[in-house]
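A.B. asks: Got a sequence here, can you model it:
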Amino acid sequence: MTIRDCEQPGLTARELEGISMVSCLAAASIILSSCGGHVDNNSNNNSTITPTTSAQVPCETLTNVAIPAGIVQSAQSIATGSYTPPGQNTPITGLPAFCRVTALMQPTPDSHINVEIWLPQAGWNSRFLATGNGGGAGSIAYSTGIAMGLQRGFASANTDLGTSPNINNMVGHPERWNDFGYRANHEMTIAAKAIVSAYYKTGPKTSYFSGCSTGGQQALSIAQRYPNDYNGIIAGAPAFNRTHLNAMFSWNLKALNAPGAKVSQGKLDMVTRSVVAACAGKDGGAPTDGFLTDPRQCNFNPDTLPKCSNSDDDTCLTAAQLTALKATYAGPTNPSTGERIFSGMPFGTENLPLSLVNQGDATTWPAQQLYDLVWTFGTGYDYLSFDFDHNMDTVDALLAPPLNANSADLNEFKSNGGKLIMYGGSADPGVPFPSEIEYYERVVRDQGGDLAGTQGFFRYYVAPGMGHCASVGGGPGVGEFGQSYATYLPPDKTHDVLLQLVDWVENKTPPGPLVASKYSTGVNPQPVMQRPLCAYPQLPVYQGGDANQASSFVCKDAQRGGVQTPAPRYLN
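C.D. replies: Numbers count the residues shown, from 1 in each chain. Coordinates of the predicted model:
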């Protein structure tokens, strides 16, 4: 079949692979791709999607489906209830009966891309949903939306991006770098649409992609390289500028491993408390917030932090620790030219998961995140020796083309009727939100400076106090709105970014303010905090009353830009 149900007559899926070959990326920063997903099977998801019936073929016969450059490896019927995916210890609950299909895609002799497709056996909504991965991938990501997609009635898919079993094992394998950076997603699309068409005897009416972190990079890469593959795309915390995001990780690693600079979790807790005490309620949020809504409005001075004198405990910072902390706020620059490479860490992110304790771990963090340095300089590379001038150029020359998705030209995606939603957390240390603002503003400039026109096909939301991607990524604020890595099915479209995207694509209804939630822990979790998510440049502003209620906030215009911006040479 052709991409997007033959809307491009005469062009096959593989012929479309050559369209819009702009820079693209493979990135991300989340280590959660291998965790088991939990889905609340008691949620009442009153979506606007109407299930359809179809005369599908027997699931097991799908092993006979022919896929260009690929093969269907297995097809099995899974009964209603719980299912424990391969390599997982935690079952996913509340699943409808489905057909589970696995495929292997090999667009080049060195490629080895695993794909998995889950197809509802009843109540298919005539839509296809592809989901993103996390970190260096290397396995099917069951916790990034494939189960929730199935529960919503979508035929859903995911890929390991061709990096199984370990992304660090790919030294000297440029075709696998290409697979990880961009090609695996397109191959997944080809395979999944072929399987959907064979099973239901008709192709999907509309197709969607939703991912966060590496999945967010995948999302922007698709919009830039393969603008015909999907009608709607959700890009969460997109690590689109991968080689330079990794430069930020290297910068922080070096700063935090200088003599005497190691900072404990307790010290970072003290720092974040001090930041929040100084700025909460002055950035549009409520004075009682334990997080910042807009860190750009926080003018915190690190020199006001308590200094250690006769002792070194969690109530103070030594001179070396303060110097390291300031370096993480400043962000990486070229030591020879002074050009900015990437933004620094926003205020209020210091003590969260994936933040400075993780980024200062000279053993675990590089093995998880700095694979680009291994690919460039070989196994055994001394990460602390990274030169932000010459070494940065070497990495970019080799890996910026396959790994970065920096192009602001989304015109072909727009002209095809595509809709794009991007989101990030104000407290995300893994992919700091300044990079998202910088990218969105570049897209606006590419659209002739027309903000309203850009919002007609591309909207961006900042989730107050959300860490990396969702509640599972930490963060004291809201982090549940139906996105990748969400834990609970939203109750309705107002709380569900995916259903808002569907409505935008299919009914031309632009998404309004979303409502994001924070849930209680323990038995029978319930929302304990809710906030509106406003389309940038608007942010929620506290109006008084219960700060845990979304109705206590209204969306108001905030500043445009106002973030550290990489030099043009580091937007390659």
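A.B. asks: pLDDT weak spots in the stretch 1-150 of the chain?
C.D. replies: 1-55 (pLDDT under 70).
A.B. asks: those strands in it, which residues are they?
C.D. replies: Here the stretch 1-150 of the chain has its strands, by DSSP state E, counting those that start in this stretch, at 66-67, 70-78, 81-83, 92-95, 98-105, 113-120, 127-131.
A.B. asks: Mind giving me the packing neighbours of the third one?
C.D. replies: Identification of packing neighbours for strand 81-83 by 3 or more CB pairs under 8 Å, 6 or more residues apart in numbering; DSSP states H and E yields strand 92-95. Any C-beta I mention is one placed from the backbone N, CA and C, and that applies to glycine too.
A.B. asks: Most tightly packed of the strands of the stretch 1-150 of the chain?
C.D. replies: With neighbours defined as mean count of other CB atoms under 10 Å, those peak in mean count at strand 127-131, which reaches a mean of 29.
A.B. asks: partners of it, with directions?
C.D. replies: Its sheet considered, strand 127-131 pairs with strand 155-159 (parallel), strand 206-212 (parallel) by DSSP bridges.
A.B. asks: Can you lay out the ones you listed as JSON lines showing mean neighbour count?
C.D. replies: Putting these into JSON lines (neighbours: other CB atoms under 10 Å) gives the following:
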{"stretch": "strand 155-159", "mean neighbour count": "29"}
{"stretch": "strand 206-212", "mean neighbour count": "29"}
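A.B. asks: need the longest helix for this protein.
C.D. replies: Criterion DSSP state H: the longest helix present in the chain is helix 184-200.
A.B. asks: Taking strand 98-105 as reference, get the angle to that one.
C.D. replies: Angle, helix 184-200 to strand 98-105, by axes from the mean of the first three to the mean of the last three CA atoms, to 10 degrees: 140 degrees.
A.B. asks: could you say which helix or strand contains the residue nearest to D303 when sequence neighbours are not counted?
C.D. replies: Using CB to CB, 6 or more residues apart in numbering and skipping residues adjacent in sequence, the residue nearest D303 is L322, 7.6 Å away. Using DSSP states H and E, L322 sits within helix 319-330.
A.B. asks: just to revisit the earlier point, how much space between the residue nearest to D303 and S311?
C.D. replies: With distances taken as CB to CB, to the nearest Å, L322 is found 16 Å from S311.
A.B. asks: what do you get for T394?
C.D. replies: 44 Å.
A.B. asks: So between those two, which is more surrounded?
C.D. replies: Applying other CB atoms under 10 Å to T394 and S311 shows that T394 carries more neighbours, namely 13 against 7.
A.B. asks: and the more buried one, what does it touch?
C.D. replies: Contact analysis of T394 by CB atoms under 8 Å, 6 or more residues apart in numbering lists 376-377.
A.B. asks: run the last query once more with 7 Å
C.D. replies: Each residue near T394 by CB atoms under 7 Å, 6 or more residues apart in numbering is listed here: T376.
A.B. asks: buried sites along the host helix or strand of it?
C.D. replies: In this structure, T394 is located in helix 390-403 according to DSSP H and E. Neighbour-count burial for helix 390-403, counted by 16 or more other CB atoms under 10 Å, picks out 391-392, 395-396, 398-403.
A.B. asks: what residue ranges in this structure score low on pLDDT?
C.D. replies: Using pLDDT under 70, the flagged stretches of the chain are 1-55, 472.
A.B. asks: center of it - which residue?
C.D. replies: C212 (1.7 Å; CA atoms, centre = their mean).
A.B. asks: quick one: that residue and N133 touch, right?
C.D. replies: No. C212 is beyond contact range of N133, at 9.5 Å (criterion: CB atoms under 7 Å).
A.B. asks: Would you double-check that V554 falls in a helix?
C.D. replies: No. V554: not assigned to a helix; according to DSSP: H, G, I helix; E, B strand; the rest coil it is strand.
A.B. asks: Could I get the contacting residues of it?
C.D. replies: V554 sits next to 541, 543 when contact means CB under 7 Å, 6+ apart.
A.B. asks: and it, what are its bridge partners?
C.D. replies: In this structure, V554 bridges to V541 when assessed by DSSP bridges.
A.B. asks: how near is it to L533?
C.D. replies: Distance of V554 to L533, given as CB to CB: 13 Å.
A.B. asks: What's the end-to-end length of stretch 449-465?
C.D. replies: The separation between the terminal residues of stretch 449-465, taken as CA to CA, to the nearest Å, is 29 Å.
A.B. asks: Can you give the contact residues for that stretch?
C.D. replies: Applying CB under 7 Å, 6+ apart, the external contacts of stretch 449-465 come out as 285, 289, 291, 293, 410, 414, 418-427, 433, 436, 440, 443-444, 447, 475-479, 511, 514, 516, 531, 533-536, 539-540.
A.B. asks: For the closest residue to G87 other than its chain neighbours, grab the count of nearby residues.
C.D. replies: Using CB to CB, 6+ apart and skipping the chain neighbours, the partner closest in space to G87 is S139 (6.4 Å). Per other CB under 10 Å, the neighbour tally for S139 reads 22.
A.B. asks: Next: the one 10 residues further on.
C.D. replies: A count of nearby residues for G149, using other CB under 10 Å, gives 26.
A.B. asks: so A258 sits right up against A319, yeah?
C.D. replies: No. Judged on CB under 7 Å, A258 makes no contact with A319 at a distance of 11.1 Å.
A.B. asks: higher neighbour count, those two?
C.D. replies: More crowded of A258 and A319, by other CB under 10 Å: A258, with 14 against 11.
A.B. asks: Remind me which helix or strand that one belongs to.
C.D. replies: Assigned by DSSP H and E, A258 falls within no helix or strand.
A.B. asks: distance of it from S343?
C.D. replies: For A258, the distance to S343 (CB to CB) stands at 21 Å.
A.B. asks: returning to what we had before: how about the residue nearest to the centre of the chain, what does it touch?
C.D. replies: Shown in contact with C212 (CB under 7 Å, 6+ apart): 132, 236-237, 469, 483-485.
A.B. asks: Mind checking which of the residues you listed are buried?
C.D. replies: By neighbour count, with 16+ other CB under 10 Å, the contacts of C212 hold 132, 236-237, 469, 483-485 as buried.
A.B. asks: Nearest to Q218 among those residues?
C.D. replies: Minimum distance to Q218 across the buried ones among the contacts of C212 is 4.7 Å, recorded for G132 (CB to CB).
A.B. asks: Y208 versus that closest one, what's the distance?
C.D. replies: 12 Å.
A.B. asks: Equivalent analysis for P510, please.
C.D. replies: 16 Å.
A.B. asks: likewise Q530?
C.D. replies: Taken as CB to CB, the span from Q530 to Y208 is 25 Å.
A.B. asks: Perfect, I'm done here.
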